[in-house]
Each structure stands twice: as C-alpha cells, then as structure tokens.
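*Asks:* Mind folding the following:
(one chain, ligands or ions: 1)
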Amino acid sequence: MEKMPYQPDLDRATTTTATTATMTSDWRDALPVLAGSTVTLRDLEVAHAPALFAMLTPEEVSRFISPPPATVEGFERFIEWARGERAAGRYACFAVVPHGMETAIGLFQVRQLEPGFATAEWGFAIGSSYWGTGMFLDAGRMVVDFAIETLGVRRLEARAAVANGRGNGALRKLGAVQEGVLRRSFLKNGQHMDQMLWSILSEEWRQTQALWGPGRVH
Ligand SMILES: CC(C)(COP(=O)(O)OP(=O)(O)OC[C@H]1O[C@@H](n2cnc3c(N)ncnc32)[C@H](O)[C@@H]1OP(=O)(O)O)[C@@H](O)C(=O)NCCC(=O)NCCS
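*Replies:* This is a model prediction of the structure:
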C-alpha cells in the first residue's frame, strides 16, 4: 500500500451489490457503485477531496503510508490522476462513503503489478474515527471481490509496515496470508522500515466464500 496512493507518476456508475457484482458497463469508464451493509464504495470524484484531506492527513492515519497530499488541491490532483489511471485500465480507486453520509471517509485502491491485472497490489486508509467500526471489513470484502471477479486478479498482494498493528491485523482478519518480511523496503521520514508481504489468491478466496459465504473470511 505504502507506495501507491499519492504518486502522480505511478458519472456514470452501475449500481450493484458486493456478492452479485453483475457488471453492465466497463469499469474503465466508471467504477460500479458497490453497496455493503455499512458503506458504499464509489468512483473517486474531485468533490471528495476536502473530506479525504481531513480524514487521511492526521498523523495517526498517515504514519505508516506514503505521505498524503498536503493540501485539498493536492488531493484534487491525485483524484484526477486516479481517474486517468482507471480510464487507462491500470488502477482502480474507490471512495468509502458510510450509509447516511455524502462524504468520503477513506479509500481503497488496486493497481496492476503486471499488464492485465493477474497480479495486483491493494491498499486502503480510512479516517481514525471510523476504525474498529466494521467498515473496513465490509468495504475490504467488496474490494477483494471486485478485484478477483471483475479485474481478474489471481494474486492480490498487500504490504504493511511491520510496526503497523492495525494494518496487519486488518489484512489477517480479511483472510490474507502472511508470506514474509520485505526488509527495509519502505522509506518513511528518513527511516527504512520492514514491511510484511500479504497475499490473497483467487482460488482460496472463492473457496472461502463458497464454504462460509461472504460473511466469513477467517
Ligand atoms: C488499516 C485500516 C483501514 C483498518 O481499519 P480498522 O477499522 O482499523 O480495522 P479493524 O479494526 O476492522 O481491524 C484491525 C484489527 O487489527 C487489530 N489490531 C489493532 N491494533 C493491533 C496491534 N497493535 N497488533 C495487532 N493487531 C492489532 C484490531 O484488534 C482489529 O482486529 P479485531 O477486529 O479482530 O479486534 C485503518 O486502521 C487505517 O486506515 N489505518 C491507517 C492507514 C493504514 O495503515 N493503512 C494500511 C496500510 S497496509
């Protein structure tokens, strides 16, 4: 996650649900609206910039991820970039909007690590007032389903700083498998930190969903 979110180099939506993601339009034109039990995931829009700036820039949220843009305008530029990358078919970034709200509280992103998305990396961040509410799990399941069933991801990787207890705990909870330590792989505030490498394989995800249903991921 750490290297993805805010690198500039690096609406018409189809309403659907997490478990029955029947696409009637190409995700490159517009991401589908995915409705979960607590949140909706939707295409990032420039209007999301002020809320995302407020949610993602506090130190407790950003300490283990790449520095977010320092201004609302910076978030607007990031969102324009994200939409361009989506249109080019290389990247998808969802805004997380809780039911009953209009503003975004966080984002989930997936980028291809090879052309065609067979191997991809994902990352996420949500405002700290929404931690521990179940919204991560709700949104995370929908994003993994989308990555596997719509983007065609076979292997979904995630990196989390070893010191990031919540980030690693969240991935474990979702059923990701810990593969190893990437030594000194993430530079933050002049310090090279170790990261855990996690993966979710499409066949394992589908088996778990078939066995336990979308409500069980452990
Ligand atoms: C990562 C993030 C989206 C997860 O959302 P969340 O609402 O905090 O996640 P949850 O509370 O559902 O799950 C986190 C789990 O980690 C556990 N956890 C918390 N601190 C922990 C620690 N120090 N060590 C181990 N586990 C820990 C929690 O208990 C929880 O598990 P539980 O529900 O079984 O008790 C959110 O914390 C966030 O945005 N963090 C900042 C950005 C970030 O670090 N992104 C991840 C980069 S990989």
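
*Asks:* What are the contacting residues of stretch 41-52?
*Replies:* 11, 13, 30-31, 33-34, 72-73, 75-76, 79-80, 82-83, 86, 93-97, 103-108, 139, 142-143, 146 (CB atoms under 8 Å, 6 or more residues apart in numbering). For glycine as for every other residue, the C-beta is placed from the backbone atoms N, C-alpha and C.

*Asks:* Now that stretch: buried residues?
*Replies:* 41-44, 48-49, 51-52 (16 or more other CB atoms under 10 Å).

*Asks:* which one of these is nearest the ligand?
*Replies:* The nearest member of the buried residues of stretch 41-52 to the ligand, counting by CB to the nearest ligand atom, is residue 52 at 11.9 Å.

*Asks:* ok now do the residue nearest to residue 187 when sequence neighbours are not counted, which residues does it touch?
*Replies:* Nearest non-adjacent residue to residue 187, counting by CB to CB, 6 or more residues apart in numbering: residue 193, 7.7 Å away. When contacts are counted by CB under 8 Å, 6+ apart, residue 193 touches 64, 161-163, 184-187.

*Asks:* Buried members of the residues you listed into ChimeraX, please.
*Replies:* Here is the ChimeraX command that selects the buried residues among these (16+ other CB under 10 Å):
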select :64,161,162,185,186
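
*Asks:* what does the chain put close to the ligand?
*Replies:* 1, 61, 64-65, 123-126, 131-132, 136-137, 158, 160, 164-167, 169-170, 173 (CB under 6 Å from any ligand atom).

*Asks:* Just say helix, strand or coil for the residue nearest to residue 187.
*Replies:* Counting by DSSP: H, G, I helix; E, B strand; the rest coil, the backbone at residue 193 sits in strand.

*Asks:* Dump the C-alpha coordinates for stretch 178-187 into CSV.
*Replies:* Taking C-alpha atoms only, stretch 178-187 is exported to CSV below (Å, rounded to 0.1, in the frame of the first residue of the first chain):
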residue,chain,number,x,y,z
GLN,A,178,1.4,-13.6,5.6
GLU,A,179,4.2,-14.5,3.3
GLY,A,180,7.3,-12.9,4.7
VAL,A,181,9.2,-9.8,5.6
LEU,A,182,10.4,-7.3,3.0
ARG,A,183,13.4,-6.0,4.8
ARG,A,184,14.0,-2.2,4.8
SER,A,185,11.6,-1.8,1.9
PHE,A,186,9.7,1.3,2.9
LEU,A,187,11.2,4.7,3.4
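
*Asks:* I'd like to know which elements the longest helix belonging to the chain is packed against.
*Replies:* Using DSSP state H, we find that the single longest helix of the chain is helix 72-87. Judged by 3 or more CB pairs under 8 Å, 6 or more residues apart in numbering; DSSP states H and E, helix 72-87 is in contact with helix 49-56, strand 91-98.

*Asks:* if we can go back for a sec, output the contacts of residue 193 in JSON lines; the columns should cover secondary structure, distance to residue 152 and pLDDT.
*Replies:* What follows is these, written out as JSON lines (DSSP: H, G, I helix; E, B strand; the rest coil; distance: CB to CB, whole Å; pLDDT from 0 to 100):
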{"residue": "64", "secondary structure": "coil", "distance to residue 152": "29", "pLDDT": "96"}
{"residue": "161", "secondary structure": "strand", "distance to residue 152": "29", "pLDDT": "98"}
{"residue": "162", "secondary structure": "coil", "distance to residue 152": "30", "pLDDT": "98"}
{"residue": "163", "secondary structure": "coil", "distance to residue 152": "33", "pLDDT": "97"}
{"residue": "184", "secondary structure": "strand", "distance to residue 152": "32", "pLDDT": "98"}
{"residue": "185", "secondary structure": "strand", "distance to residue 152": "27", "pLDDT": "97"}
{"residue": "186", "secondary structure": "strand", "distance to residue 152": "28", "pLDDT": "97"}
{"residue": "187", "secondary structure": "strand", "distance to residue 152": "32", "pLDDT": "96"}
